[in-house]
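Student: Task: produce atomic coordinates for the following.
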Amino acid sequence: SEEAGVWDRPLGLQGIWGDMIHTWLDELLPHDADEMVSEKLHILVTPVPYFGKQKVNKFDTRDDLIHANMASVHLPWFLNGDLTKEFRGQSVI
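Tutor: So this is what the prediction gives:
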């Protein structure tokens, strides 16, 4: 948090928290995490503008797994300053 200047920012984590979480996942997940969890872990994302739930349980790469997690926890405007998150070519929240 000190590296990101959270304590010096008027809005704290707003707009930068998403990059911080992405970095943590990239540092913490094993190199074969996508293979370890494919068809075992189910992540829900909410496509916009339909707002139905889409279950994701197959991950092409480790980066795809990280992006699925980031899409699933996206908080409009708070995590990265954007209303939606792009995941596999579609806007989600």
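
Student: make it CA atoms for all contacts and neighbour counts henceforth
Tutor: Noted.

Student: Tell me how many other residues surround residue 8.
Tutor: Neighbourhood size, residue 8 [other Cα atoms under 10 Å]: 9.

Student: For it, give me its contacts.
Tutor: Contacts for residue 8 (Cα atoms under 8 Å, 6 or more residues apart in numbering) come out as none.

Student: Please apply the same query to the one 10 residues further on.
Tutor: Taking Cα under 8 Å, 6+ apart as the contact definition, residue 18 lies against 70, 74, 79-80.

Student: Name the residue closest to the centre of this structure, please.
Tutor: Central residue of the chain (Cα atoms, centre = their mean): residue 70, 0.6 Å from the mean position.

Student: what ranges do the helices span in this protein?
Tutor: Along the chain, counting by DSSP state H, helices occupy 17-28, 33-37, 62-72.

Student: From start to finish, how long is stretch 28-40 in a straight line?
Tutor: Terminal residues of stretch 28-40 lie 19 Å apart, using Cα to Cα, to the nearest Å.

Student: Any chance you could list what contacts it?
Tutor: Contacts of stretch 28-40 (Cα under 8 Å, 6+ apart): 57-62, 64-65.
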